[in-house]
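>>> kindly generate the corresponding structure for this input.
(one chain, ligands or ions: 1)
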Amino acid sequence: MKNIVILISGGGSNMAAIVRVAQRDNWRETLGAQVSAVLSNRADAGGLQLAREQNIATGVVDHKAYASREAFDAALAQAIDWQQPALVVLAGFMRILTPHFVSRYTGRLVNIHPSLLPAFPGLHTHQRAIDAGCTVAGVTVHQVTSELDHGPILDQAVVPVLPGDTAQALAARILSQEHLIYPRAIARLLRGL
Ligand code: GRF
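I've put the predicted structure just below:
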């Protein structure tokens, strides 16, 4: 069985979308894959409860308990490696990962970023797209490399920026696309593994 480990920091709606599609499309049978664990750097991440309700193993590696980024990443890698994952999926995981961590999972570490990369890496993507006068915005699924929000693009979706859009309205429009393309990109990757 190909194990998928999902890392979250917050509400986990992308994680929930992946779990939903994995069940709907019976990934166990069709892809020989399962979401085996959901890990978070925050104990209060809403998505953890959601994962527990689906009988998925959960874990917390609290970054505040570690003196350095390297020490945190080492502890996180240990928790991940328990699952011997085929794929490690960042889904709203709000920590910058060290190059050492990233190289450990080369080719099997993916991220979703709410912009049309290479435009707007980093934070506040929706407001930045509005401020720049973009008429379209969107979301990118990409392989993770040591450069933040870079790496080979696996899939993208485009949405319009509407007159009078707020960052919140644009984020909601993009998020509904995230929930479509992330499970699809993961399924495609799993087929190739
Ligand atoms: C999403 O917009 C994702 O693209 C970004 O963080 C947000 C996470 O949302 N990286 P959720 O926790 O999956 O609901």
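
>>> how close does the single nearest residue of the chain relative to the ligand sit to Gly164?
In the chain, the residue that lies nearest the ligand is Gly92 (2.6 Å; Cβ to the nearest ligand atom). Using the backbone N, CA and C atoms, a C-beta is placed for each residue, glycine as well. Look at Gly92 and Gly164: by Cβ to Cβ, to the nearest Å, they are 27 Å apart.

>>> neighbour count winner among the two?
Using other Cβ atoms under 10 Å, the more surrounded residue of Gly92 and Gly164 is Gly92, with 22 against 7.

>>> contact residues of this protein facing the ligand?
For the chain, the contact set with the ligand under Cβ under 6 Å from any ligand atom comprises 8, 10-14, 91-92, 112-114, 175, 178.

>>> PyMOL command for the buried members of the residues you listed?
If you want just the buried ones from the residues of the chain next to the ligand in PyMOL, going by 16 or more other Cβ atoms under 10 Å, the selection is:
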select buried, resi 8+10+12+13+14+91+92+112+113+114+175+178
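
>>> who touches the most centrally placed residue in the chain in this structure?
Taking Cα atoms, centre = their mean, the centroid of the chain lies closest to Ala91, which sits 2.1 Å from it. Contact analysis of Ala91 by Cβ atoms under 8 Å, 6 or more residues apart in numbering lists 6-8, 12, 14-15, 18, 47, 112, 182.

>>> adding pLDDT and secondary structure, write these out as JSON lines.
Formatted as JSON lines, the contacts of Ala91 follow (pLDDT from 0 to 100; DSSP: H, G, I helix; E, B strand; the rest coil):
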{"residue": "Ile6", "pLDDT": "98", "secondary structure": "strand"}
{"residue": "Leu7", "pLDDT": "98", "secondary structure": "strand"}
{"residue": "Ile8", "pLDDT": "98", "secondary structure": "strand"}
{"residue": "Gly12", "pLDDT": "97", "secondary structure": "coil"}
{"residue": "Asn14", "pLDDT": "98", "secondary structure": "helix"}
{"residue": "Met15", "pLDDT": "98", "secondary structure": "helix"}
{"residue": "Ile18", "pLDDT": "98", "secondary structure": "helix"}
{"residue": "Gly47", "pLDDT": "96", "secondary structure": "helix"}
{"residue": "Ile112", "pLDDT": "98", "secondary structure": "strand"}
{"residue": "Tyr182", "pLDDT": "98", "secondary structure": "helix"}
